[in-house]
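S.K.: What would the 3D arrangement of this be:
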Amino acid sequence: MAQHGANVAVNYLGPSQSAEIESLATAIDSIPCTSQLPRFLARPGDISLRQTSLDFIAAAVDAFGELNVFVSNAGVCQFADFLTLPEELYSSTVRINLDGAFYATQAAAKQMVAQGKGGSIIGISSISALVGGAGQTHYTPTKAGVLSLMQSTATALGKHGIRCNAILPGTIRTQLNDEDLSNDEKREYMEGRIPLGRTGVPEDIVGPAVFLASSLSGYVTGAQILVDGGLFVNLQ
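M.R.: Below you'll find the predicted structure:
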């Protein structure tokens with residue numbers, strides 16, 4: 001986003017992510033820009049709490065003047081057996097993945113409506129919104145919820161010129177599954193199911209996200225974009 005001229009504000013959980021935030025700040029600062037204003041803002045906070053989103057949006061607007069694009073990206077996934085799934089794991093997954101997405105999207109939408117200039121909201125869902133997972137019975141419903149949230153907010157916010165769309169990543173190597181994909185046997189099995197022959201990396205999400213954020217997708221709302229190397233169609 002910064003490489004395409006955006007000012008960037010990021011919410012992160014806390015000290016455990018400080019190294020990643022510092023790295024991101026350095027990368028954004030290195031991008032040539034004529035503006036003398038700050039281009040990056042990072043705020044810690046628990047996204048499962050409504051007030052976190054309200055404070056985060058307010059801080060972003062205070063730093064940059066307005067909000068034009070919002071990406072709801074926070075998520076957790078810990079594999080667990082359905083019959084013995086701990087209540088706390090279920091509750092925390094729902095609070096972060098679904099409640100957090102709702103509160104954040106609502107806070108962003110309120111700011112965009114107040115500005116009266118439209119905007120773009122992008123919800124990061126998952127291929128898991130469309131398929132089941134034996135060890136993900138607490139996770140897949142939240143990602144289906146994010147997809148449904150983007151569809152419903154698209155209808156609710158269209159009159160304000162606000163577009164809402166979902167990106168559905170397939171197997172993307174991130175902190176969520178890095179340990180799982182470190183197992184050569186599991187990784188090779190997944191790669192064998194993906195028509196493009198490899199698992200994804202975070203950079204694979206960049207193009208679709210920038211597209212949905214920009215005027216290139218000006219007539220796209222309520223849509224879902226699978227970014228999975230063809231995995232979904234190969235599962236049918």
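S.K.: who touches K110 in this structure?
M.R.: Counting by CB atoms under 8 Å, 6 or more residues apart in numbering, K110 touches I57. C-beta here means a position set from N, CA and C on the backbone, and glycine is covered the same way.
S.K.: make that Q78, sorry
M.R.: 89, 93, 139.
S.K.: what sits against the last one?
M.R.: In other words, Y139. 77-78, 93, 97, 128, 133.
S.K.: Just the ones of the contacts of Q78 in helices?
M.R.: 89, 93 (DSSP state H).
S.K.: residues touching the closest residue in space to T140 that isn't next to it in sequence, list them.
M.R.: Excluding its sequence neighbours, the residue lying closest to T140 (CB to CB, 6 or more residues apart in numbering) is S128, at 4.4 Å. For S128, the contact set (CB under 8 Å, 6+ apart) comprises 136, 139-140, 143-144.
S.K.: Check the secondary structure at S128 for me.
M.R.: helix (DSSP: H, G, I helix; E, B strand; the rest coil).
S.K.: So which bits of stretch 85-105 are buried?
M.R.: Within stretch 85-105, the residues scored as buried using 16 or more other CB atoms under 10 Å are 90, 93-105.
S.K.: thinking again about what came up before, which among the contacts of Y139 gets closest to D55?
M.R.: Nearest to D55 out of the contacts of Y139 is N97 (CB to CB; 20.1 Å).
S.K.: Report the contact partners of the closest one.
M.R.: N97 touches 74-76, 139, 142-143, 145-146, counting by CB under 8 Å, 6+ apart.
S.K.: at 6 Å instead, please
M.R.: 75, 142 (CB atoms under 6 Å, 6 or more residues apart in numbering).
S.K.: Looks like L168 contacts S125 (just checking).
M.R.: Yes - at 4.9 Å, L168 counts as touching S125 under the criterion of CB atoms under 6 Å.
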